[in-house]
Structures are given as structure tokens and as C-alpha cells.
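Chemist: What would the 3D arrangement of this be:
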Amino acid sequence: MAYPPTTGAAGAAAAGALSGRRRAAWREGVERARAAATTEPGRLRVIGAVLAALVVAFGAVTAWQVSDRQTAADAVVEHSQPLSADAASIYRSLADADTTAASAFLAGGQEPTEVRRRYEADIDRAAKLLVRAAANTEGSATAREEIRRIGELLPVYSGLVESARANNRQGLPLGGAYLRYANDIMRQRLLPAAGRLYQAETARLGEDYEEATSWPWAAVGLGVAALAALGLAQRRDFLRTNRVFNRGLLASAAASAVVLVWLAVGHGLARSALNDSNDHGAKSLHVLNEARIDSLRARGDENLTLVARGAVVVEEGKDKGKDAYEVGYAEQMSGLIGDDGADAGSVAGGDKAGPAPGSLLARARGLADDDEGRAPVDEATERVREWQVRHKAARADDDAGNYKDAREKVIGGEGSTGESFDKVDELLAKALDHEQREFKRAADDGRGALTGLALGAGVLAALGAAAALLGIGRRLSEYR
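Modeler: Model prediction:
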């Protein structure tokens, strides 16, 4: 026979009774656990659970933090630094294309074949590097936007250069206007976009370095806590049983200590090597790239001074009314090596004037940590001083109205500023190759120091937790 559901006061009373029984059962369970914890076997069970949890947590956090740092170190070597180098190469290729286009224009209607090939190689290299950067750049909206902007402007620039070349071949003065317009697009839009791309990728490299070298404080803290807890448990066991060692607790402490020492030494070695790869590799590469770019821009301004022939002047500021390209040349040289530092006579007489403090070449020399890295920078400094002397001679001819002589001293063969520039570029490339090898060696050493640590920490922590439980289990067996 079915009964209707309980309602009203009777239903409320029944629900209250049921709730009361549940609360009573819960309270009874708590009281039983509390009573069990007041006995020695109960306390041992709690101690064993806490010790095992601490050791497992130590191993898990160690594996997690080491894996994160190893991933960041791998990114430094395999991703962010190559992307930063590609961004610098894009900038350099664009600057070199602009410089070479001006050199070809100065040579007249029939520009040398090697100059033309160099320009085409620069444009082709920049386009290929853009494609690679677009494929590998992830998560950076700034980098993607700059890549898109460069990709859109590059055909516009190369089209203007071709127009300048066609007009120059026919002897039409309009060619110079096309070339100056192309140069404006390069200087005002393409190179700034390439510079922002380089900055974005370099910032990403810095973030990866910071993550790879940051200390795993959570893992270290848990390791110290686990060892302290194991030590206290061992001392408690000794005071209650007069046994000097509990083998299980001793094995657990040994496993935890190995993980902690491995973590401290391994990460310390990795941090030291990665910092070395940054200080004497990545930073050197950054400064050398800037030096190479400044030398290219100085060369481009030097060529365009002869192309424009005073048609472009500074419109405001302290240099108002001066030739804009000559002012640009002086600014690039100032950043590269400082002021002239030596007159024509001192350089011609064999005196060596070093780079001014704070200049790019001075910084590059300071960051080089061996003679193989310093030697090409020192020789490049001498060649830049030689370039400055030859430039002054070319400017003197041009100012005196001897345009052909000035042009020969700029784009001619032996004894020209072009010869000095080519040597400077070659020496800076040599220094870059050396610093790239130094970076790779130190960075590989850094990430190699972390090899196996995450897996080893997990395995040793599992063994340590098991040993702690076995050690407590041996004590519990004495109460059965």
C-alpha cells in the first residue's frame, strides 16, 4: 500500500531528524579521527602522509619549474635568438640595398654588374627572411604587423629604384628624384619598421633569458621544507625509540637532498652559462649588428650626398641649411666611433685613434671576451678612421667643384671610401660570426646543465616518498 508523501510539520520533523543523523555521523567520524591521532599509530600515519606529500610535492614542483626553464633555454637557442638575428639581417639587407642602389646610380648608366647583383641579392634576401620570420613569429602582434608593413613597402621601394635606374640609363635628371624618393621610403618607413621588428624580437629574447635564468624558489623552498620535516621526524623517532636512524626516513632524506643539490648546482651552472651567452654573445651580437647597420647608413648618406648634390637640406635645428645627407653621415659616424678623433695627418702618419667611449665600436670591444673577438673590432676601428680621412678628401674635391674626382674617391677602387667601407663591413661580419659561435657554445652549455634534472627529480621524489612510507610502516608494525 502506498502512502502519500509526508508534508507539513511532520515532513519538516522527518527532514530535521535525517539532517541531525547526518551531522552526528560526520561529527562522529571527526571524533574518531581525532581520537586515532592521539594514539602513537595514528600520529605515525599522519606523519607518514605529510612526509610523503612533501617529498612528492618537492619532486613535482622541481620537475615543473626545471621543465619551464629548459623550455625557455631551448627557445633562446632555437627560436628567439635566431628570430632576432633574422630581424637584424632584414634591417641590414634593406640598408645595404639602399646603399648599393645609390652606388649603382653614381656609377652612371652602365652600373657595374657586381653592384647590380649585390642589390638584387639584398632585396631577395630580405624577402626570404620576411617569409621565414612570418612563419616563425608567434604571439607577437607587433612583429606580425611590422612584417606585413615591410612586405607591402618593399615592392614599392624596388619599383622606384627601377624607375631611377631606367631614367639614369637614358641620362635623364629625373632619375635622381626617383632615387631620393625611394630613399625617403626606405629611411622613413621601411627601416623604422625593420627596426621595430628587431626590437620586438630582441625583447622576446630578453624575456626568454629572464625566464630561463630565474631561480626556482618554490622548488628550493619545498626541498628545504621536506628535508626539515624528515629531520624532525627522524629526531622524534630517535627520542621515542632511542634508535639512531630510521632507514626509510634516512633514504628519503638522502633522495631529497640529492634532488635539492642537483637542482641548485644544475640550475646554477645553467644560469651562469646562459648569462655568459647573453653578456658575451647576445649583447655583443646586438651591438655589432647596430655598428654594421650604422656603417651601412653612413655609406648610403655618403653616396646620396653626391647623388643629391645639395638638393636636400636640413630644414630646422642647429644644422638648418646644411646638406641633409652629409649631416646624416656625420651622425652615423658619431654613433659608430664617436667624433673624428684624429685628423688626416695623424691617421696617415700611422697613429691609431681608438673609438670614443660609449660609441658602438667601443662597446663592441668591451663586450668581446677574447682576442679573437677584439681583433676584428680593433681593425674595423682603424678602417673607419681611414674612411673618415678619405671622406674628408672627397668632400673637399666636391666642395671645390671637382665632382668627378670626388666621385672617384667615393666609388672608385683602391684608396676610395668604398674600399674602406667594404673592409669595415667584412671585419664586422667576421666579429659577428665569432660572437655567434660564442653565444651558441655558452647557451648550449647552459641548457645542457639542465638535462635529465626534471625526470631525475620526479623519479627520486617518488623513491623518497616510498622510502618515507616504508620507514613509518616499520614503526607501525611494532604496534601490531
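Chemist: Which parts of this protein are strands?
Modeler: Applying DSSP state E to the chain gives no strands.
Chemist: show me where pLDDT drops low in it?
Modeler: Within the chain, the set of residues satisfying pLDDT under 70 comprises 1-38, 40-42, 109, 138-139, 242-244, 340-353, 476-480.
Chemist: Give me the residue at the spatial middle of it.
Modeler: residue 205 (2.0 Å; Cα atoms, centre = their mean).
Chemist: Now do the residue nearest to it when sequence neighbours are not counted against residue 158, distance only.
Modeler: Sequence neighbours aside, residue 80 is the residue nearest to residue 205 in space, at 4.1 Å (criterion: Cβ to Cβ, 6 or more residues apart in numbering). (Each C-beta comes from the backbone N, C-alpha and C, glycine too.) Counting by Cβ to Cβ, to the nearest Å, the gap between residue 80 and residue 158 amounts to 30 Å.
Chemist: got it, and residue 140?
Modeler: Note on residue 140: its distance to residue 158, by Cβ to Cβ, is 26 Å.
Chemist: my guess is residue 324 contacts residue 312, does it?
Modeler: Yes: counting by Cβ atoms under 8 Å, a contact exists between residue 324 and residue 312, whose distance comes to 4.5 Å.
Chemist: More neighbours: which of residue 80 and residue 158?
Modeler: The residue with more neighbours, out of residue 80 and residue 158 and counting by other Cβ atoms under 10 Å, is residue 80; that gives 23 against 18.
Chemist: Helices of the stretch 51-200 of the chain, start to end?
Modeler: 81-106, 113-136, 141-169, 174-185, 191-213 (DSSP state H, counting those that start in this stretch).
Chemist: Contacts only, for residue 307.
Modeler: Contact analysis of residue 307 by Cβ atoms under 8 Å, 6 or more residues apart in numbering lists 102, 105, 106, 176, 179, 180.
Chemist: Can you tell me which of those is closest to residue 62?
Modeler: residue 102 (58.3 Å; Cβ to Cβ).
Chemist: contacting residues for that closest one?
Modeler: Counting by Cβ under 8 Å, 6+ apart, residue 102 makes contact with 179, 183, 300, 303, 304, 307.
Chemist: just those residues now: which is nearest residue 145?
Modeler: residue 183 (23.6 Å).
Chemist: What count of nearby residues applies to the closest one?
Modeler: Under the neighbour criterion other Cβ under 10 Å, residue 183 is assigned a count of 26.
Chemist: re the thing from before, make TSV out of the contacts of residue 307 and add distance to residue 364.
Modeler: Putting the contacts of residue 307 into TSV (distance: Cβ to Cβ, whole Å) gives the following:
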residue	distance to residue 364
102	26
105	31
106	30
176	35
179	32
180	32
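Chemist: which one among those residues gets closest to residue 217?
Modeler: residue 102 (55.2 Å).
Chemist: Apart from its chain neighbours, what residue comes closest to the closest one?
Modeler: residue 303 (3.6 Å).
Chemist: Return the residues in contact with the one you found.
Modeler: Shown here is residue 303, whose contacts under the criterion Cβ under 8 Å, 6+ apart are 99, 102, 103, 105, 106, 410, 411.
Chemist: Out of those, who's the most crowded?
Modeler: The most neighbours of any of these, using other Cβ under 10 Å, belong to residue 102, which has 30 neighbours.
Chemist: what's next to stretch 450-468, contact-wise?
Modeler: Outside of stretch 450-468, the residues within contact range by Cβ under 8 Å, 6+ apart are 48, 51-53, 55-56, 58-60, 62-64, 66-67, 69-70, 73, 226, 230, 233, 248-249, 251-256, 258-259, 262-263, 266-267, 270.
Chemist: and the gap between residue 312 and residue 148?
Modeler: 30 Å.
Chemist: Have a look at those two and say which one is more surrounded.
Modeler: Between residue 312 and residue 148, counting by other Cβ under 10 Å, residue 312 is the more crowded of the two (19 against 13).
Chemist: any idea how far that one is from residue 93?
Modeler: The value you get for residue 312 to residue 93, if Cβ to Cβ is used, is 24 Å.
Chemist: can you check residue 457 too?
Modeler: Noted for residue 457: a distance of 45 Å to residue 93, by Cβ to Cβ.
Chemist: Next: residue 333.
Modeler: 22 Å.
Chemist: again with residue 446
Modeler: As for residue 446, its distance to residue 93 is 30 Å (criterion: Cβ to Cβ).
Chemist: of these two, who's got more company?
Modeler: Set side by side, residue 446 and residue 93 give different neighbour counts by other Cβ under 10 Å, the larger being at residue 446 (28 against 22).
Chemist: Now residue 214: phi and psi?
Modeler: Comment: the main-chain dihedrals of residue 214 come out as phi -70, psi 140, following degrees, to the nearest 10.
Chemist: likewise residue 369?
Modeler: Backbone dihedrals for residue 369, given as degrees, to the nearest 10, come out at phi -110, psi 10.
Chemist: Not counting its neighbours along the chain, what's nearest it?
Modeler: Spatial nearest neighbour of residue 369, excluding adjacent residues (Cβ to Cβ, 6+ apart): residue 280 at 4.5 Å.
Chemist: what's near enough to touch the one you found?
Modeler: Listed by Cβ under 8 Å, 6+ apart, the contact partners of residue 280 are 367, 368, 369, 373, 435, 438, 439, 442.
Chemist: So residue 445 sits against residue 271, correct?
Modeler: No: with contact defined as Cβ under 8 Å, residue 445 and residue 271 do not form a contacting pair (11.3 Å).
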